[in-house]
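Got a predicted structure here, sequence first:
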Amino acid sequence: MKQTAIFDIISPIMIGPSSSHTAGAVRLGLLARNIYGETPKKVTFKLFNSYAQTGKGHGTEKGLLAGVLGLSVDDRRIKNIFDDEISKNIEYKFEYYEDFKKHPNSVDFVFENGRTMDIYGESVGAGEVVVRTIDGFSVKLSGKYNTLMIVYDDIPGMISKVTSLIQAKNINIASLHCDRYAKGEEASMCICIDGDLDNDVIEAVKKIDRVYFVSYIKKLEE
Amino acid sequence: METKGINTFEQLLEACNARGKRIWQIAQAYESEWCEVPVNKVRKCAMASLQAMKEAIRTGLQSTELSMSGMCGNDCAKLQKRFAERPAVFGKTFEKILTYALATSEENIRMGKIVACPTAGSCGIVPAVIIAIAEDFNISEERQVNALITAGEIGRIISAKVSLAGAVAGCQAECGAAAAMAAGAVTQLLGSPPKQVLNAVALALKNILGLTCDPVCGLVEVPCVKRNPFMAIIAMTACEMAMSGVESKIPVDEVVDAMDQTGQLMSPALKESSLGGLARTKTALELQKRLFG
């Protein structure tokens, strides 16, 4: 049985009109921004299915952009975000697609700021979101936990090296998800934790041999 | 206090009776334990939601701005104008409940700030009854917070069995759940014991079973906006009956089971897909063509 909290029911305080199409869009933008680690200079939003069809009437595009710019779901600037000072320094465009293999309310973010990153996420209801892929790697990020994401060579012992660094801080792992292109090739690991990681753990993970990319993705505010 | 494991209304009522507590007392203890925050933090969050609800009502009552589609946004002003000239048949409190619910749901569709309760499309129902009744019966903000926590607990227990999403169970699970939450909350607000609160929930829920989610053009506007005041009145009817000692013949947990089953039996065409019902009427299709080409 799914356990929920009262504040899943009488919240969030948000800009309307839709928890999935407006608040969910902002939260997807925020989570994608947290994954990317900074505000991108350039972003392409690829909206799918219901997001593409009814997004305009729900302020979905405004929400996505506001999230990428770091605004929270209850920020009144969302309504006029395209004219707001805060969106002057970012280049953005929206594209619209039908794809029945994808979730009804989904979006692909293509970020550019020197480096390119492709993040695909879904708005799964009541403002809850899930990021499913990052640069083609399958992940499952809901923004509810602080998450350590690592890209590395698929070799024996990598999971234990990383988790022992976390264990040394007496931090509990809520979930762990790995994926790889093929045996021995590039692989990804997402570790959701209870609590927060110190910077020294993240730096230590970065120093592990054959780790290429480390991102500490902060959870979204409730 | 050990509160984990309360996932039915029967368990909730047992916990209330065994400890001599009200629903909000059990609920805030549960929330404190589950979210690992002190009880005063739980109440602070609820107070923040309450204040945001009041702000949405204040702002909404003064605006006639239309939504992006142009379909909704200026009806609350019409009610206020008429009530100023000629009062509602059912009196002042009735006027407040209708206008507060409509003000909030109109504020939502013009991209104003609201509190999803449980969803954005149903955001006007719980605030309208709590705040209108509190004003007219001079009830303190602390007691309004108690009522809001009661509403949250009712929604939480319903959602343990039925996802509160139109796409899963139709509008039963959005405006319907909000009516049940509001019914219980206002019954608590007026000082009734837990048993009556839960009867109000059952009575309200029984009368929204089968409510479809068939939004015109796929937007949270028609029929959602005007549905909010209608549901607020269902909540008040349930409250009046429960406070008179009227009991639901079907226990509230079984009503939730019926709601779950009804949701599963409903055609996907009537669950937020805009493939049936009002969304496929001649006028709706014309509107869709005009808005989205």
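Cool, got the structure.

Centre-most residue in chain B?
Centroid-nearest residue in chain B, with CA atoms, centre = their mean: B:A178, separated by 2.2 Å.

what's around the residue lying closest to B:T64 once chain neighbours are set aside, how many residues?
In space, and not counting its chain neighbours, B:T64 is closest to B:N74: 4.4 Å by CB to CB, 6 or more residues apart in numbering or on different chains. Yep, even glycine has a C-beta here, placed from its N, CA and C like the rest. Using other CB atoms under 10 Å in any protein chain shown, B:N74 has 12 other residues around it.

Could you report the pLDDT at the residue with the largest distance to the centre of chain A?
In chain A, the greatest distance from the average C-alpha position (CA atoms, centre = their mean) is reached by A:P156, at 27.9 Å. pLDDT recorded at A:P156 is 94.

One more: the one 5 residues further on?
Per-residue pLDDT puts A:K161 at 96.

in what helix or strand does residue 47 lie?
I went with chain A, as the question did not name one. Assigned by DSSP states H and E, A:L47 falls within strand A:42-48.

Wait, chain B was what I had in mind.
Per DSSP H and E: B:M47 is located in helix B:39-61.

Pull out the buried residues from the helix or strand following that helix.
The helix or strand immediately downstream of helix B:39-61 is helix B:75-85, counting by DSSP H and E. Neighbour counts over helix B:75-85 (16 or more other CB atoms under 10 Å in any protein chain shown) mark B:D75, B:C76, B:A77, B:L79, B:Q80, B:F83 as buried.

Now the third one: closest residue in space, sequence neighbours ignored.
Okay, so that is B:A77. Leaving aside its chain neighbours, B:A77 sits nearest to B:T64 (4.8 Å; criterion: CB to CB, 6+ apart).

cool, and the fourth one?
Ranked by CB to CB, 6+ apart and with sequence neighbours excluded, the top spatial neighbour of B:L79 is B:T99, at 5.3 Å.

you'd agree the one you found is in a helix?
Yes: counting by DSSP: H, G, I helix; E, B strand; the rest coil, B:T99 is found in a helix.

my read: it touches B:Q62, true?
No: taking CB atoms under 8 Å as the definition, B:T99 is not a contact partner of B:Q62, at 11.4 Å.

tell me, what's touching the two both at once?
Listed contacts common to B:T99 and B:Q62 are nil; contacts here mean CB atoms under 8 Å, 6 or more residues apart in numbering or on different chains.

Show the average pLDDT along the longest helix along chain A.
In chain A, taking DSSP state H as the definition, the longest helix is helix A:24-36. For helix A:24-36, mean pLDDT rounds to 96.

Kindly calculate the angle that it makes with strand A:42-48.
Here the directions of helix A:24-36 and strand A:42-48 differ by 130 degrees (axes from the mean of the first three to the mean of the last three CA atoms, to 10 degrees).

List the buried residues of helix A:24-36.
Result for helix A:24-36 [16+ other CB under 10 Å]: buried residues A:24-36.

Stretch B:284-293 now?
So for stretch B:284-293, counting by 16+ other CB under 10 Å, buried means B:A284, B:L287, B:Q288, B:L291.

Please enumerate residues in contact with that stretch?
Outside stretch B:284-293, the residues that reach it (CB under 8 Å, 6+ apart) are A:Q53, A:T54, A:K56, A:G57, B:S69, B:M71, B:V216, B:C217, B:V222, B:L278.
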